[in-house]
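Participant: Could you look at this predicted model? Sequence included:
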Amino acid sequence: MSKMTNIPAATGADTENKSMLSIRNLSKHFGSVHALDHVDLDIREGEFFGLLGPSGCGKTTLLRILGGFETPSAGEIMIDGQDVSHIAPNRRPVNTVFQSYAIFPHLTVAQNVAYGLRKSGLSKEEIAAKVEVALQMVQLDGYGSRGADQLSGGQRQRVALVRALVKEPKVLLLDEPLGALDKQLRESMQLELRALQKRLGITFVFVTHDQEEALSMSDRIAVMAEGRVLQVDTPRGLYEVPASRRVAEFIGTMNIFEARVSGHERTQVALDAGPLGRVLIEPANAARPEIGASVSLGVRPEKLSITDAPRGAGFNSVEGRLSASAYFGDRNHFFVELDGLPRPVSVATQSDALAGTLPGVQPNGEAVRVWLNWPVAGPVLLPAE
């Protein structure tokens with residue numbers, strides 16, 4: 001265990017492009033159900049890699065296949081250059097942390113952590129030393145003699161985590177391990193888990209359906225749906241430059257407007273956006289579809305602003321009705337109705353300063369006439385669906 005604390009974080013040129021986990025043409029069928037459909041992924045050494053998607057998208061099935069708990073219908077899995085597609089779970093250089101923790105209630109904390117080391121050929125003294133170092137690593141030194149039923153949820157999660165790490169796997173698989181924790185503890189454990197992974201430099205593959213969790217913890221994320229990978233990118237890349245409308249709508253909130261390309265002006269694209277009128281944008285994804293092409297214009301709520309007059313140069317503006325607002329403490333959400341659109345446009349601000357500048361912003365039974373503005377630079381153009 002002592003060498004675990006000396007493993008450098010996986011950053012820099014030496015590890016940046018080295019693949020620790022390669023998945024090729026991986027499929028899994030349960031009868032007529034295609035849980036995974038020709039999945040290809042390369043996960044780098046020392047990377048914190050997120051698998052994100054709604055329930056039933058295939059992310060947990062993929063994780064179970066990586067761990068050896070399910071057999072693929074087709075395809076191969078390479079870990080550090082070794083084909084492990086049909087190797088038993090206990091012979092793979094991986095370990096798994098489950099949402100349920102799977103801690104043995106009749107064993108002490110130390111016995112739980114040492115469980116996987118019993119067949120390692122180490123002496124009792126060597127095992128005890130490894131366990132002690134492991135518990136110190138997750139701030140549980142002094143807890144070794146406690147029973148599992150004497151631990152809080154966060155402490156149990158730490159025991160499950162360090163029990164998986166004590167065997168020094170090349171890849172650690174985590175199946176929504178924070179899902180059973182309350183919000184405050186969950187956020188605290190996210191920071192601890194991220195810091196621990198960077199310190200050890202072990203490749204983590206993390207399954208979650210929580211978008212904020214995936215964005216805040218992962219180096220890169222694979223967004224999945226219906227057994228397929230829709231896009232792989234950094235958290236910022238997925239949020240700022242989604243590759244499809246489906247990804248754009250799944251990651252955070254995105255206002256989508258249907259439009260038709262009406263012209264090109266240097267780096268900018270002119271759109272006929274129906275209720276929005278003529279729109280000029282410099283898309284963040286550098287898309288330049290042909291004139292006449294149908295597209296979807298995506299604008300994040302925080303990129304929009306509400307004023308009592310058009311903002312002028314550098315912005316697109318359209319008049320609408322401020323119909324509702326919601327206060328969330330650190331931010332406000334406003335909803336603006338536009339003629340010809342079936343749903344109100346969502347606008348987000350970081351403080352309630354806006355509420356004091358617009359009469360009637362607080363719900364009073366009447367919609368208020370306002371101007372909705374968004375910058376020329378920053379929106380994305382997506383293929384129409």
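Facilitator: Sure thing, it's come through.
Participant: Identify all contacting residues around the host helix or strand of H38.
Facilitator: Element membership of H38, judged by DSSP states H and E, is strand 33-44. Residues from elsewhere that reach strand 33-44 (Cβ atoms under 8 Å, 6 or more residues apart in numbering): 10, 15-29, 49, 58, 61-62, 65, 72-73, 75, 171, 203, 205, 219, 222, 226-229, 232. Placement of C-beta: from N, CA and C, glycine included.
Participant: Report the buried members of those.
Facilitator: 10, 15, 19-24, 26-28, 49, 58, 61-62, 65, 72, 75, 171, 203, 205, 219, 222, 227, 229, 232 (16 or more other Cβ atoms under 10 Å).
Participant: per-residue confidence averaged over the strand holding H38?
Facilitator: Across strand 33-44, pLDDT averages out at 96.
Participant: so what strands line up beside that strand?
Facilitator: Strand 33-44 pairs in its sheet with strand 19-30 (antiparallel), by DSSP bridges.
Participant: What average pLDDT does the strand it pairs with get?
Facilitator: Mean predicted lDDT for strand 19-30 stands at 96.
Participant: Dump the C-alpha coordinates for it into CSV.
Facilitator: Coordinates of the C-alpha atoms in strand 19-30 are reproduced here as CSV (Å, rounded to 0.1, in the frame of the first residue of the first chain):
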residue,chain,number,x,y,z
SER,A,19,-4.5,4.6,-23.3
MET,A,20,-5.1,2.5,-20.1
LEU,A,21,-8.5,1.1,-21.2
SER,A,22,-9.5,0.5,-24.8
ILE,A,23,-13.0,-0.7,-25.7
ARG,A,24,-13.6,-1.8,-29.3
ASN,A,25,-17.0,-2.6,-31.0
LEU,A,26,-18.5,-3.7,-27.6
SER,A,27,-22.1,-4.9,-27.7
LYS,A,28,-24.3,-6.6,-25.2
HIS,A,29,-27.7,-8.1,-26.0
PHE,A,30,-30.3,-9.4,-23.6
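Participant: what sits up against that strand?
Facilitator: Strand 19-30 is touched from outside by 34-47, 49, 58, 61-62, 65-66, 70, 72-80, 170-171, 203, 205, 227, with contacts defined as Cβ under 8 Å, 6+ apart.
Participant: Which is the succeeding secondary structure element to the strand holding H38?
Facilitator: Using DSSP H and E, the next helix or strand after strand 33-44 towards the C-terminus is strand 48-52.
Participant: what are the ranges of the strands in the stretch 51-200 of the chain?
Facilitator: All strands of the stretch 51-200 of the chain, identified by DSSP state E, counting those that start in this stretch, fall at 74-79, 82-83, 94-98, 171-175.
Participant: so where's this protein uncertain?
Facilitator: 1-16, 180, 351-366 (pLDDT under 70).
Participant: Show me the helices in it, by range?
Facilitator: Ranges of helices in the chain, per DSSP state H, are 13-16, 59-67, 109-114, 124-137, 153-165, 183-200, 211-217, 235-240, 245-250.
Participant: For V370, which of these is the nearest?
Facilitator: helix 245-250 (24.9 Å; Cβ to Cβ).
Participant: for that closest one, packing partners?
Facilitator: Contacts defined by 3 or more Cβ pairs under 8 Å, 6 or more residues apart in numbering; DSSP states H and E place helix 245-250 against strand 220-225, strand 228-233, strand 255-265, strand 294-299, strand 380-383.
Participant: Export the ones you listed as CSV, with columns for distance to S305.
Facilitator: Putting the helices and strands packed on helix 245-250 into CSV (distance: least, Cβ to Cβ, whole Å) gives the following:
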stretch, distance to S305
strand 220-225, 28
strand 228-233, 27
strand 255-265, 13
strand 294-299, 11
strand 380-383, 18
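Participant: Of all those, which one is nearest A110?
Facilitator: It's strand 220-225; of the helices and strands packed on helix 245-250, that one is closest to A110 (Cβ to Cβ) at 35.5 Å.
Participant: Residues contacting the closest one, please?
Facilitator: Counting by Cβ under 8 Å, 6+ apart, 41, 47, 49-54, 57-59, 62, 214-215, 229-235, 238, 246-247, 250-251 sit against strand 220-225.
Participant: most tightly surrounded among the helices and strands packed on helix 245-250?
Facilitator: Highest mean neighbour count among the helices and strands packed on helix 245-250 (mean count of other Cβ atoms under 10 Å): strand 220-225, with a mean of 23.
Participant: Walk me through which strands it pairs with, and which way each runs.
Facilitator: strand 48-52 (parallel), strand 228-233 (antiparallel).
Participant: Leaving out chain neighbours, which residue sits closest to V166?
Facilitator: A134 (4.7 Å; Cβ to Cβ, 6 or more residues apart in numbering).
Participant: shouldn't that neighbour be in contact with Y115?
Facilitator: No - with contact defined as Cβ atoms under 8 Å, A134 does not count as touching Y115 (11.9 Å).
Participant: In CSV: the helices of the chain, plus distance to T307.
Facilitator: Listed next are the helices of the chain as CSV, based on distance: least, Cβ to Cβ, whole Å:
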stretch, distance to T307
helix 13-16, 44
helix 59-67, 42
helix 109-114, 58
helix 124-137, 52
helix 153-165, 45
helix 183-200, 34
helix 211-217, 29
helix 235-240, 24
helix 245-250, 25
